[in-house]
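J.: fold the following for me, if possible:
(one chain, ligands or ions: 1)
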Amino acid sequence: MRLDVLTIFPEYLAALDVSLVGKAAQSGLLDVRLHDLREWTYDRHRTVDDTPYGGGAGMVMKPEPWGEALDAVAPPDGPTQPRLIVPTPAGRPFTQALAYELAEEPWLAFACGRYEGIDARVAAYAGERMRVDEVSIGDYVLNGGEVAVLVMVEAAARLLPGVIGNPESLAEESHSGDGLLEYPVYTKPVSWRGHDVPEILLSGNHGKIAEWRHEQSVSRTAERRPDLLAAWGDVLAGKGDADA
Ligand SMILES: Oc1ccccc1-c1ccno1
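T.: Down below sits the predicted model:
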């Protein structure tokens, strides 16, 4: 998978050089390319923003540098085009399902907006030749898209074959296939500062352990994410697909 990240803070993405994503890049599973948007500015101050049409506070990222950067990274006459992901609080929610989708893509490009956002014509222009998804990683506001890119790249890259040691562990994670939150986990020592490991986990009865873990997942989901259980309630009532 090729990953291009366009940003005015390429140093922010240095985290992509460490841990699992860094190892994947070193092993050739990922081809990570960082681009400083200011390479496509030509004035003395290397300006990337300007005041918003229609008034309002803050600044908007100018379309010209973005258009030239996208054309340089993904030439319009090139044989293939990337799927462009634009992190924004106004985007569709980033979910584990979308992470799996992105992990299937041969080429992803990420456009990191700052200020009040990127001139809307940039997504329209890119959409003339590539798939463009505006994506939010949650209902809160950041100063820029770089953090969101780190989140999405890690969530997708870890799903690539060969990136994590034991792919079986993917099946039991929160938001994995069954849509429930994962159960609590324990390791040695069996007793620690007055807290003991639940007896069932020491029983060796794998059927009972699986049952207990499922009960824990359901109770955690009901307590912390009743919205996920509601989705399952609809499925059980034959009203739809929990993954929708
Ligand atoms: O708050 C943001 C500012 C810029 C780019 C992205 C975001 C964001 C917030 C939540 N998901 O993405």
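J.: following the lowest-mean-pLDDT helix or strand in the chain, which helix or strand comes up?
T.: Ranked by mean pLDDT, DSSP states H and E, the helix or strand of the chain with the weakest confidence is helix 168-171, at a mean of 68. Helices and strands here follow DSSP states H and E; after helix 168-171, the next one along the chain is strand 191-192.
J.: can you tell me the element residue 211 falls in?
T.: Using DSSP H and E, residue 211 falls in helix 206-224.
J.: counting contacts, what elements does that helix pack onto?
T.: Packing partners of helix 206-224 (3 or more CB pairs under 8 Å, 6 or more residues apart in numbering; DSSP states H and E): helix 226-236. Backbone N, C-alpha and C define where each C-beta goes, glycine included.
J.: close to the ligand, is stretch 105-124?
T.: Yes. Residues of stretch 105-124 are located near the ligand by CB under 6 Å from any ligand atom, namely residue 113.
J.: what is the end-to-end distance of that stretch?
T.: Taking CA to CA, to the nearest Å, stretch 105-124 runs 21 Å from one end to the other.
J.: can you check stretch 118-138 too?
T.: Terminal-residue distance, stretch 118-138 (CA to CA): 19 Å.
J.: quick one: residues in contact with it.
T.: 60-63, 66-67, 70, 74, 76, 81-94, 98, 109, 111, 147-148, 151-152 (CB atoms under 8 Å, 6 or more residues apart in numbering).
J.: and the longest strand seen in the chain, C-alpha only, in CSV?
T.: Secondary structure of the chain read by DSSP state E shows that its longest strand is strand 83-93. Extracted in CSV, the C-alpha atoms of strand 83-93 (Å, rounded to 0.1, in the frame of the first residue of the first chain):
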residue,chain,number,x,y,z
ARG,A,83,-8.5,7.3,-2.8
LEU,A,84,-8.3,10.7,-1.1
ILE,A,85,-9.2,11.0,2.6
VAL,A,86,-9.8,14.5,4.0
PRO,A,87,-10.1,14.5,7.8
THR,A,88,-12.7,17.1,8.9
PRO,A,89,-15.1,17.4,11.8
ALA,A,90,-17.8,17.6,9.2
GLY,A,91,-16.9,14.2,7.8
ARG,A,92,-18.5,10.8,7.8
PRO,A,93,-17.6,8.8,11.0
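J.: pLDDT on the next helix or strand after it, on average?
T.: Sequence order places helix 96-103 as the next helix or strand after strand 83-93, per DSSP H and E. Regarding helix 96-103, the rounded mean pLDDT is 97.
J.: strand partners of the helix or strand that helix 96-103 is followed by, parallel vs antiparallel please.
T.: Counting by DSSP H and E, the next helix or strand C-terminal to helix 96-103 is strand 107-111. According to DSSP bridges, strand 107-111 forms sheet pairs with strand 2-7 (parallel), strand 83-93 (parallel).
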